[in-house]
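K.L.:
Prediction below, plus the sequence it came from.
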Amino acid sequence: MTLPLAKPALLRNQCLIDGKWVGTPAGVVSNPANGAELSRVPEFGAKETEEAILAAERAFKPWAKKQAKERAAVLRRWFELIMANQEDLARIMTAEQGKPLAEARGEVAYAASFVEFYAEEAKRIYGETVPSPFPHSKIIVQKQAIGVCAAITPWNFPAAMITRKCAPGLAVGCTFVVKPAPDTPLTALALGLLAEEAGMPPGVLNIVTGDAVAIGKVMTEHPAVRLIGFTGSTGVGKLLMRQAASTVKKVALELGGNAPFIVFDDADLDAAVAGAVIAKFRNMGQTCVCTNRLFVQAGIHDRFVEAFAKAVAAMKVGPGDAEGVVQGPLINANALAKVERHVEDARARGARVITGGARHSLGGTFYTPTVLTGVNTEMALSQEETFGPVAAVYKFETEEEVLRLANSTPFGLAAYFYTKDLARAFRVADELESGMVGVNSAILGNEVAPFGGVKESGLGREGGRHGIEEFVELKYVLMGGLN
Ligand code: ADP
C-alpha cells in the first residue's frame, strides 16, 4: 500500500498497551473509495483488554499525582505533534474513512483543539469551601480524577471522538483504554504514537482493536474501570449502559440524533441554503448532528428547494483525495444499503426526487447527493437516522406545527433553524427538545462549548468547561476540631 506520508511510522499495524506496540496484524482495514487494503490491525479480545485495563490502573495513581502543570505540558506537546502531522493524519483518515481531504484536515485541527483546550484547563480544576453548619469546622469540596476510563468510538470522526473524550480525562489525571471503530483504527493508532512521542507515560493511553462485543463486555464489567465513554448508535449505547450497571460505572453517551433543520418564511434564503448544505452533507451525511429532516415553511418552500437542489446537484462526488471532491464514498456496504432502503421507501410513499435518488456511476459505496420533497412522518427516513447524503424536505405552515413535528422523536441531539425574527429566535430555541441548537448557524462542534444530547441522544457533555465534569468525582471533606 502506498500512502504518501511524510512520517510513514504513523501507519501502525499493532495496538498500544502499557507503552508497547503489541499484537499480530490481522483484521484488514480498507479504503472505502476503492476497496484497497491499507493495513491490518490485531484482533484482540477479552484477555488483551483486561491487560490494557490493568496497565491503565497501574498508571493511574502516578499520573493523577503529577502536578497539573506536568500533565498540561504533555497534552500541549501532543497537541503540537498532532498539528505538526496534520497532513499525514488527514491522509490516513481520508484513506480509511472516505471523507474529503479538506474535511479530514479540518477534523485533525478540531481533534487537536480539544487537546490544546484541556492542556490549558488542566490547571483550573477548582474546588469549593462551604460554610459549615457545625462549630469549629470547615467543609471542603474537592475534585478528584474518577480513575480508569474506557472509550469506545465511532468511524465518522476517527480522531475527534477520541480526543474529545480523552483530553479532558487525561488533563485531570484519568487513564484510558480506547477501542476505535473497526473501520477506522489507523487514525487512532497514529494518535497513540504521537501521544507516546509527546511523553505520555506507559499505560496512560492504551488502544485496543478487535472484537467489539468482547472488548466492550470487559470494559463495562471490569471493576477497575470507573467510566465508560461511548459515541455511536443508540442501540449499542443502551447495551453498554445495561452492562455498566453491574459495576455502577459512570456512563457518558453520545448517541444518535434525528436533527430537524427549520427554515421559516422570514429566513435569509441564501444563508439557509448554505447552512442546509453543510448541516446535511458534511461527511456525506454521516454525522450524528447532520440534519435528518428539513422543515421548510410554505411561503419560502419552493424557492428554497430550487436553490438547495441546485447547490446539491453541483457537489462533486469522488475519492476523498481527488481535487475538488466534496462528497466521498459511504463508509461501507451496510451504510449504502440503508440509504437505498430509505430512498425507496420514501418514493413508494409518495416523495418526489428533485435531484439524485440513486447510486453514483462511480460504483462502490458512492451515492448521488439527493433531495426529496413531499416527505411525511410515515416514511422510514423520518423515524430513523439515514446517515447518508439524502435531504428530506417537509412543508409546514405554522411555528406551532413545526415545533410539534421537530420534537416528535425520542432523540434530541442537535437542531437548527433559520429566521430573522429575534423574538422567534429565542422562543423556538427554548422550545426545541435538543442539547444543542444552531440559530442561523449550521456547525455546532467546537472545543469550548458543551456538546451532547437529551432524551435518547445521550448522557453527559463533551467539550468546554463542562466536559471536564464527567471525569471528576466530588469529594467532600469535613474538617472538624478547628478550635
Ligand atoms: P455504527 O452503526 O455507526 O457503526 P455502532 O454503535 O455500531 O455504530 O459503533 C460505534 C462503536 O461501537 C464502534 O467502535 C463499534 O465497534 C462499537 N460497538 C458495536 N457494538 C458493540 C458492542 N456490542 N459492545 C461494544 N462496542 C460495540
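P.N.:
Alright, I've got the coordinates.

K.L.:
burial count for Arg352?
P.N.:
14 (other C-beta atoms under 10 Å). (Each C-beta comes from the backbone N, C-alpha and C, glycine too.)

K.L.:
secondary structure class for the residue in the stretch 51-200 of the chain that the ligand sits nearest to?
P.N.:
Nearest residue of the stretch 51-200 of the chain to the ligand: Ala181, at 3.8 Å (C-beta to the nearest ligand atom). Under the three-state scheme (DSSP: H, G, I helix; E, B strand; the rest coil), Ala181 adopts coil.

K.L.:
Contacts only, for the nearest residue to it once chain neighbours are set aside.
P.N.:
Spatially, and ignoring its direct neighbours in sequence, Ala181 is nearest to Trp155 (3.8 Å; C-beta to C-beta, 6 or more residues apart in numbering). By C-beta atoms under 8 Å, 6 or more residues apart in numbering, Trp155 lies in contact with 97, 180-184, 331.

K.L.:
thought the residue of the stretch 51-200 of the chain closest to the ligand was touching Ala151?
P.N.:
No: taking contacts as C-beta atoms under 8 Å, Ala181 lies outside contact range of Ala151: 11.4 Å.

K.L.:
Count the residues that sit near the residue in the chain that the ligand sits nearest to.
P.N.:
Going by C-beta to the nearest ligand atom, the ligand is nearest to Gly216 of the chain, at 2.3 Å. Residues lying near Gly216 (other C-beta under 10 Å) number 21.

K.L.:
repeat for Glu473
P.N.:
Around Glu473 there are 14 residues (other C-beta under 10 Å).

K.L.:
tell me, how many neighbours does the nearest residue in space to Ala380 that is not next to it in sequence end up with?
P.N.:
Distances taken as C-beta to C-beta, 6+ apart place Asp345 nearest to Ala380, at 4.5 Å, with adjacent residues excluded. A count of nearby residues for Asp345, using other C-beta under 10 Å, gives 15.

K.L.:
List the buried residues for whatever helix or strand Asp345 lives in?
P.N.:
Remark: Asp345 resides in helix 333-348, with elements defined by DSSP states H and E. Residues 335-336, 338-340, 342-343, 346 are the ones in helix 333-348 that count as buried (16 or more other C-beta atoms under 10 Å).

K.L.:
Ok, stretch 28-44 next?
P.N.:
For stretch 28-44, by 16+ other C-beta under 10 Å, it's 29-33, 38-44.

K.L.:
From the chain's centroid, how far away is it?
P.N.:
21 Å (C-alpha atoms, centre = their mean, to the nearest Å).

K.L.:
Check stretch 77-93 too.
P.N.:
18 Å.

K.L.:
where exactly do the helices run in the stretch 301-450 of the chain?
P.N.:
According to DSSP state H, counting those that start in this stretch, the stretch 301-450 of the chain carries its helices in the segments 333-348, 380-383, 399-407, 422-431.

K.L.:
Switch these over to CSV; also include distance to Ala391.
P.N.:
What follows is these, written out as CSV (distance: least, C-beta to C-beta, whole Å):
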stretch, distance to Ala391
helix 333-348, 11
helix 380-383, 10
helix 399-407, 16
helix 422-431, 21
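
K.L.:
Just put those in TSV and tack on distance to the ligand and mean pLDDT.
P.N.:
Output for those, formatted as TSV (distance: least, C-beta to the nearest ligand atom, whole Å; pLDDT from 0 to 100):
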stretch	distance to the ligand	mean pLDDT
helix 333-348	8	98
helix 380-383	16	94
helix 399-407	23	98
helix 422-431	29	98
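
K.L.:
For the residue nearest to Gly481 when sequence neighbours are not counted, give me the pLDDT.
P.N.:
Sequence neighbours aside, His136 is the residue nearest to Gly481 in space, at 6.3 Å (criterion: C-beta to C-beta, 6+ apart). Per-residue pLDDT puts His136 at 97.

K.L.:
can I assume His136 sits in a strand?
P.N.:
No: His136 sits outside any strand when classified using three-state DSSP, being coil.

K.L.:
helices or strands up against the lowest-mean-pLDDT helix or strand in the chain?
P.N.:
Within the chain, confidence by mean pLDDT, DSSP states H and E is lowest for helix 380-383 among all helices and strands, at a mean of 94. With contacts taken as 3 or more C-beta pairs under 8 Å, 6 or more residues apart in numbering; DSSP states H and E, helix 380-383 sits against helix 333-348, strand 390-396.
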